[in-house]
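1. structure for this input, please:
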Amino acid sequence: MSDSQSRKRAIQKKLDSIKSNNKNEWTISDWANRIQAGDKLALSKGITLIESENPKDYERKEDLIEACMSQSSNSFRMGITGVPGVGKSTFIESFGKEVLKNEHKLAVLAIDPSSNVSGGSILGDKTRMEELSQLDEVFIRPSAAGKSLGGVARATREAIILCEAAGYDFIVIETVGVGQSETIVKEMVDFFLLLMLSGAGDDLQGIKRGIMEMADALYISKADGDNLKASKKALANYKVALHLFPPNENNWVPKLGYCSSLDKTNLDEIYNVTQQFLRHTKANGSFDDNRTKQNLNWMLDSFKTQLWEKSSSKPEVKKELEKLKKKVANGEISPFKAAEILVSLSHE
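-> From the prediction side, this is the model:
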């Protein structure tokens, strides 16, 4: 019997001993075992837990992440971005099937835009990825972006860890394609794909240089029918523009092309590019260097988040915070002085 089979049997034996389906009755070990055994319900509930902003859940979700991190698999993390309307979800629906052909388990973490007024979110990615979402080897999780910077769900990093622990070895993160979400997602993934449109006047207009410099591959989507000619012309323009950029730190030369989710054109090419990138970065050590850098950034971000969450939950800080908000709004005190007062209270 292989080590993998032995591990699965050991986990299943533990699962058989967990009688209740009520997550409130699970120990962290029970929960982690369910996730590692591929229980999608446990995985979904786990992500819901780590997205919780209830102070009562802090310790439990930190323990769950820690338990799952020790069992996370060697995965490939791919970020996908592009302006709204470029067809990101449709692309993932078609590209995902190409990933599955190569015997991967696929997890898609789709960040949905939230209303700044109501906090509501469409959460429609499962509808847009109807065929993909029905497959056993696929897990799709739409998460509301909320008020986090650039529209990226604050718990996306933790969700990646849980998905990897569940055996998903190809993780796709879809950004909302607005603001600074691209920068944040770039700091979470191994490979970054930028999808672009053609036929919209000046094809380079509106594409920030910084976003193009971050991309490991740039593909023009919807290159089918009458739009194919325009896509090829746009591709020539992008190739010229890319030559003006400095080389990447990992010595990878970004790949350019066009694709069609409708005609399934060049989807296999894009998958092959991801594997070429993986081999290249593994060989020169930049893959592991990037993961290390990301973990250090994660530590600092988590420190800032936990410092705020734990400080602001103190009754005395909550009370003073409301008073200071009014004083700052009325110009009675500077924001900097107010922050200093809050920091002092947090350390008492």
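
2. give me phi/psi at the residue positioned nearest the centre of the chain?
-> In the chain, the centroid-proximal residue (C-alpha atoms, centre = their mean) is Ile173; its distance is 3.9 Å. Main-chain torsions, Ile173, degrees, to the nearest 10: phi -110, psi 120.

3. my guess is it meets Val189, correct?
-> Yes: in terms of C-beta atoms under 8 Å, Ile173 counts as a neighbour of Val189; the distance is 6.1 Å. (Glycine included, C-beta is placed from N, CA and C.)

4. so what sits against both of those two?
-> Common contacts of Ile173 and Val189 (C-beta atoms under 8 Å, 6 or more residues apart in numbering): 77-79.

5. sort out for me which of these are in strands.
-> Taking DSSP state E as the definition of strands, those contribute 77-79.

6. columns pLDDT, neighbour count and distance to Leu262 on top of those, output as a markdown table?
-> As requested, those are exported to a markdown table (pLDDT from 0 to 100; neighbours: other C-beta atoms under 10 Å; distance: C-beta to C-beta, whole Å):
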| residue | pLDDT | neighbour count | distance to Leu262 |
| --- | --- | --- | --- |
| Arg77 | 97 | 23 | 27 |
| Met78 | 97 | 26 | 21 |
| Gly79 | 94 | 26 | 23 |
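
7. now, which of those residues sits nearest Leu244?
-> Gly79 (23.2 Å; C-beta to C-beta).

8. let me see the ranges of the strands in the stretch 1-150 of the chain.
-> Counting by DSSP state E, counting those that start in this stretch, the stretch 1-150 of the chain has strands at residues 76-81, 106-112, 138-144.

9. now those as TSV including distance to Ser261?
-> As requested, these are arranged in TSV below (distance: least, C-beta to C-beta, whole Å):
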stretch	distance to Ser261
strand 76-81	12
strand 106-112	14
strand 138-144	16
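
10. low-scoring stretches of the stretch 101-250 of the chain, by residue?
-> Low-confidence segments of the stretch 101-250 of the chain (pLDDT under 70): 112-128, 144-154, 177-181, 199-210.

11. again, only this time at 80
-> Across the stretch 101-250 of the chain, the ranges flagged by pLDDT under 80 are 111-129, 143-154, 176-183, 199-212, 241-247.

12. helices of that one, residue ranges please.
-> 125-128, 130-133, 156-165, 181-186, 209-214, 228-242 (DSSP state H, counting those that start in this stretch).

13. between the ones you listed, which gets nearest to Ser312?
-> So among the helices of the stretch 101-250 of the chain, helix 156-165 is nearest, using C-beta to C-beta, at 19.9 Å.

14. which one of the shared contacts of Ile173 and Val189 is nearest Glu164?
-> For the shared contacts of Ile173 and Val189, the nearest to Glu164 is Arg77 (8.8 Å; C-beta to C-beta).

15. how many neighbours does the closest residue to the closest one other than its chain neighbours have?
-> Computed as C-beta to C-beta, 6 or more residues apart in numbering, the closest residue to Arg77 that is not its neighbour in sequence is Val189, at 4.2 Å. Using other C-beta atoms under 10 Å, Val189 is surrounded by 20 other residues.

16. wait, what's in contact with Val189?
-> Counting by C-beta under 8 Å, 6+ apart, Val189 has contacts 77-79, 171, 173.

17. just to revisit the earlier point, export the shared contacts of Ile173 and Val189 to JSON lines and tack on distance to Pro142?
-> JSON lines is the format used below for the shared contacts of Ile173 and Val189 (distance: C-beta to C-beta, whole Å):
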{"residue": "Arg77", "distance to Pro142": "18"}
{"residue": "Met78", "distance to Pro142": "17"}
{"residue": "Gly79", "distance to Pro142": "16"}
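
18. which positions in the lengthiest helix in the chain come out as buried?
-> Looking across the chain with DSSP state H, the single longest helix is helix 286-312. Under the neighbour-count criterion of 16 or more other C-beta atoms under 10 Å, helix 286-312 has 286-287, 290, 294, 311 buried.

19. in a markdown table, list the residues you listed along with distance to Lys232 and pLDDT.
-> What follows is the buried residues of helix 286-312, written out as a markdown table (distance: C-beta to C-beta, whole Å; pLDDT from 0 to 100):
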| residue | distance to Lys232 | pLDDT |
| --- | --- | --- |
| Ser286 | 32 | 96 |
| Phe287 | 32 | 96 |
| Asn290 | 33 | 94 |
| Gln294 | 36 | 91 |
| Ser311 | 55 | 83 |
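
20. out of the residues you listed, which is nearest to Ser70?
-> The closest of the buried residues of helix 286-312, once distances to Ser70 are taken by C-beta to C-beta, is Gln294, at 17.7 Å.

21. against Leu162, how distant is that closest one?
-> 16 Å (C-beta to C-beta, to the nearest Å).

22. go on, Ala236?
-> From Ala236 to Leu162 the distance is 43 Å (C-beta to C-beta).
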